[in-house]
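K.L.:
heads up, no residue letters with this:
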């Protein structure tokens, strides 16, 4: 268990450190409050100092925004001679921004209470993200009593936002219902890939008896397939939070008799008539649990899906690969490389359905990756064994 230590009013304290992104605990922490200027906070954060906030909650949010503005003005312009270089420059800038803003820290009490002036009640949101509070105190400090857990304010803001999404849900037109994403589980806000699965005709015109949904996340695609009348869906995910989230959503939708959700690293046992996979689209390193739904180092999940698909399909079965070509426009993968992986897996293309993105960044000219995003196409590749 990582521990952070600081001195406050002449007394030494320590408490547990928690980071969902596995960010190391800061080696040095100073106490800051409403009197701390944005320039002073930014200077200390750049030097690697953690800033433990003891002032007003809303002022902390304002300080964080002011630090972000200072970073925007001082950060090198995102640039690159190639699309791939531009992408990596963009990621590096965002990582440095996350590091700086993540230096602003708060302490949660053992029951997840945030004891700051004008602080919202964060207990339910923290219970949702971290599990029910057990009330245990951390290891004792040197002189002072230590209680609770230290987290970055940016993480806590993310926890609050995720809890709102979970409570309100995301409207999915293909289901005429809401899906409720859990903390750390990718939300189905990009409806175009859901619509591809909802409207692509089944191979023989009839609903397949057995379907696998690999990397189910919130369970949205499993739900869509079940609503389309398939016999049975086996949905898998390696993330325990996603497994729990998918089960909750399928229970809400009354589909638990048609869908089984299992914790597995991609493949369940047996074969299926249809296997659906919507892997992370970009071959890059994720920096958080949530980014696991977007970034996949070396395209590992994509390659393992293609390598194992033929062995898990029934003889007349079909695989549906839902994949954006954004990686191709960013120079991270070529179309020839993708097609070569199809062939290496003993697969042939039976068809392809395409759709254009509908998310706001596709039309945001100020986005550093706008040129690639505006050309993006999301495809559902229909793959079969190459006879």
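P.N.:
Yes, it's here. Predicted model, so just to flag it, every value in this text is computed and none were measured. Residues are numbered from 1 along each chain as shown.

K.L.:
who touches residue 247 in this structure?
P.N.:
Residue 247 makes contacts with 219, 256, 261, as judged by CB atoms under 8 Å, 6 or more residues apart in numbering. To be clear about C-beta, it is placed using only N, CA and C from the backbone, and glycine gets the same treatment.

K.L.:
element containing it, please.
P.N.:
Element membership of residue 247 [criterion: DSSP states H and E] is helix 240-252.

K.L.:
thinking again about what came up before, ok, and the most crowded of the contacts of residue 247?
P.N.:
By neighbour count, taken as other CB atoms under 10 Å, the most surrounded of those turns out to be residue 219 (32 neighbours).

K.L.:
need the contact list for the nearest residue to it once chain neighbours are set aside.
P.N.:
Once its chain neighbours are removed from consideration, residue 219 has its nearest residue in residue 246; the separation is 3.1 Å (CB to CB, 6 or more residues apart in numbering). By CB under 8 Å, 6+ apart, residue 246 lies in contact with 216, 217, 218, 219, 222, 235, 237, 261.

K.L.:
just those residues: which are in strands?
P.N.:
Residues from the contacts of residue 246 lying in strands, with DSSP state E as the criterion: 235, 237, 261.

K.L.:
now those residues in JSON lines, with distance to residue 22 and pLDDT?
P.N.:
Conversion of the ones in strands among the contacts of residue 246 to JSON lines gives the following (distance: CB to CB, whole Å; pLDDT from 0 to 100):
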{"residue": "235", "distance to residue 22": "27", "pLDDT": "98"}
{"residue": "237", "distance to residue 22": "20", "pLDDT": "97"}
{"residue": "261", "distance to residue 22": "26", "pLDDT": "98"}
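
K.L.:
which of those residues sits closest to residue 60?
P.N.:
The shortest gap between residue 60 and any of those belongs to residue 237, at 34.6 Å (CB to CB).

K.L.:
pretty sure that closest one sits against residue 217.
P.N.:
Yes - the pair residue 237 and residue 217 qualifies as a contact (CB atoms under 8 Å) at a distance of 6.4 Å.

K.L.:
work out for me the element the closest residue to residue 8 other than its chain neighbours sits within.
P.N.:
Excluding its sequence neighbours, the residue lying closest to residue 8 (CB to CB, 6+ apart) is residue 31, at 5.1 Å. Here residue 31 is covered by strand 29-32, with elements defined by DSSP H and E.

K.L.:
could you do residue 212 as well?
P.N.:
Element membership of residue 212, judged by DSSP H and E, is strand 210-214.

K.L.:
mind listing what that strand pairs with, with the direction of each?
P.N.:
The strands that strand 210-214 pairs with in its sheet are strand 232-237 (parallel), strand 272-277 (parallel) (by DSSP bridges).

K.L.:
quick one: closest of the ones you listed to residue 162.
P.N.:
Ranking the strands paired with strand 210-214 by proximity to residue 162 (CB to CB) places strand 232-237 first, at 17.1 Å.

K.L.:
touching the closest one from outside, list them.
P.N.:
Strand 232-237 is contacted by residues 209-217, 219, 221-222, 225-226, 243, 246, 258-264, 266-268, 270, 272 when judged by CB under 8 Å, 6+ apart.
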